[in-house]
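J.: starting from these lines, generate the structure:
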Amino acid sequence: MKLLIVKTSSMGDVVHALPVVNDIRRHHPHAEIDWLVEAPFAAIPQMHPGVRRVLPMAWRKWRSQLLQAATWHAMGRLRDELRRGRYEAVLDLQGLLKSALWARQTGAPVLGYDKNSIREPAATWFYQHKLAVPRDLQAVQRCRLLAAAHLGYLIDSPPDFGLRAPATIWTPHAAYAVLIPNASRREKLWPERHWVEVGKRLQERGWMPVVLWGRPEEQTLAERIAAGCDGDVPSFLRVGELAAVLAGAHQVRRWAGPRWASIATTNPAWRASPAPGAWPASVARARCLAATRCWRCWNSRSAAEPTDQAEPITRRRAFAWGSCPS
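T.: Sure, this is the predicted structure:
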């Protein structure tokens, strides 16, 4: 099976989708999995040993330069590369109009959410096969259920993110905890004085606060926080280097993408805060309907059907990949 996963951005969203790779490889051991992703986040799927090839794109740049010939040449090269992949199917885990459009460029059947399970219902116009996944689930669960239902297998294990962080090029001189005070929007920012207080408490526990940053304006904030709690600030770290630092931390304080990267690198530090989304009771008592037919022949089924009786997620019947009787 040659499969392309489309999950383009942002950092946390890309990390959310990683357990799908190990799920697929567990049930389809010979699957060849490629990944389409925005270039700044390409290092994330590249750290997963189950991903054969990562295809970086620059849509965030291209969409603001659509009147330039160079933009169309770059998009054309990516389209040609997607076509050369000769995929049997494309799994759109992003669920946006932009991801659906790029998924269609492969020429392969596109598997995705139905119109009631997706943030941009217009994206479903470009899917050949759609199914319902409850919208109130945590993102990791939604991705896993969608893939399992389309590819005909049972989710029978906890999520395995599978990232293998590279060797770090920056090593603190003591046991450390990571603070990541930045956010994509101002309303998400926590007051600076609170970060300083957290850093001081970490020092009391014997952990040196390491304050990370991404943009130049964030470096200034990081340096002020570190100065207030006797912490340290590394130089600019790329995504892979960031993952290596997170993997060695005793604590990680931040809920967004970098925190998920810490979880994905099998770092136990995330357990210090509430675990992200255990299975809700309604889903723990669900029957997986992945099953009555494979994606080749039926495109209107639900990933989960609530029941009144407490029972594990079980499979009724599923066809192996490529063995559809129709």
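
J.: how many neighbours does the residue nearest to Gln94 when sequence neighbours are not counted have?
T.: Setting aside the residues directly before and after it, Gln94 is nearest to Lys7 in space (CB to CB, 6 or more residues apart in numbering), at 5.3 Å. For every residue, glycine as well, the C-beta is placed using N, CA and C. A count of neighbours around Lys7, defined by other CB atoms under 10 Å, yields 25.

J.: hmm, Lys7 is touching Ala17, no?
T.: Yes: under the contact definition of CB atoms under 8 Å, Lys7 touches Ala17, with a separation of 4.2 Å.

J.: what's the overlap in contacts for those two?
T.: Overlap between the neighbourhoods of Lys7 and Ala17 consists of Leu93, Cys143, taking contacts as CB atoms under 8 Å, 6 or more residues apart in numbering.

J.: one step back: ok, the residue nearest to Gln94 - contacts?
T.: So, once contact is read as CB under 8 Å, 6+ apart, Lys7 ends up touching Asp13, Val14, His16, Ala17, Trp35, Leu36, Val37, Leu93, Gln94, Ser99, Cys143.

J.: out of those, who's nearest Gly76?
T.: Out of those, the one with the shortest distance to Gly76 is Leu36. That distance is 15.5 Å, counting by CB to CB.

J.: surely that closest one forms part of a helix?
T.: No: the assignment for Leu36 (DSSP: H, G, I helix; E, B strand; the rest coil) gives strand, which keeps it out of a helix.

J.: state the distance from it to Glu192.
T.: Leu36 sits 37 Å away from Glu192, going by CB to CB, to the nearest Å.

J.: more crowded one of the two?
T.: Here Leu36 and Glu192 are set side by side on neighbour count (other CB under 10 Å), and the busier one is Leu36, at 29 against 13.

J.: residues contacting that one?
T.: The contact partners of Leu36, by CB under 8 Å, 6+ apart, come to Leu4, Ile5, Val6, Lys7, Thr8, Leu55, Met57, Leu82, Trp102, Ala103.

J.: distance to Ala122, secondary structure and pLDDT added to those residues, as TSV?
T.: Conversion of the contacts of Leu36 to TSV gives the following (distance: CB to CB, whole Å; DSSP: H, G, I helix; E, B strand; the rest coil; pLDDT from 0 to 100):
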residue	distance to Ala122	secondary structure	pLDDT
Leu4	21	strand	98
Ile5	21	strand	98
Val6	16	strand	98
Lys7	19	coil	97
Thr8	17	coil	95
Leu55	24	strand	98
Met57	20	strand	97
Leu82	21	helix	97
Trp102	14	helix	97
Ala103	14	helix	98
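
J.: where does Met75 land in three-state SS?
T.: For Met75, the assignment made with three-state DSSP gives helix.

J.: surely it and Lys61 touch.
T.: No: at 10.7 Å, Met75 and Lys61 do not qualify as touching, with contact defined as CB under 8 Å.

J.: those two: which is more packed in?
T.: Legend: neighbour count by other CB under 10 Å for Met75 and Lys61, higher for Met75 (17 against 13).

J.: and the more buried one, how far from Pro40?
T.: For Met75, the distance to Pro40 (CB to CB) stands at 17 Å.

J.: where in this structure is pLDDT low?
T.: 253-326 (pLDDT under 70).

J.: how does it look with 50?
T.: 255-260, 262-263, 266, 268-326 (pLDDT under 50).

J.: what segments of the stretch 101-250 of the chain are helices?
T.: Shown for the stretch 101-250 of the chain, the helices assigned by DSSP state H, counting those that start in this stretch span residues 139-151, 192-204, 216-229, 239-247.

J.: export the second one as CSV, just CAs?
T.: Read it as helix 192-204. Extracted in CSV, the C-alpha atoms of helix 192-204 (Å, rounded to 0.1, in the frame of the first residue of the first chain):
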residue,chain,number,x,y,z
GLU,A,192,5.6,37.5,32.2
ARG,A,193,5.7,37.7,36.0
HIS,A,194,3.9,34.4,36.2
TRP,A,195,6.6,32.7,34.0
VAL,A,196,9.3,34.2,36.3
GLU,A,197,7.5,32.8,39.4
VAL,A,198,7.3,29.3,37.7
GLY,A,199,11.0,29.5,36.9
LYS,A,200,11.8,30.3,40.6
ARG,A,201,9.8,27.4,41.8
LEU,A,202,11.5,25.1,39.4
GLN,A,203,14.9,26.3,40.7
GLU,A,204,13.7,25.4,44.2
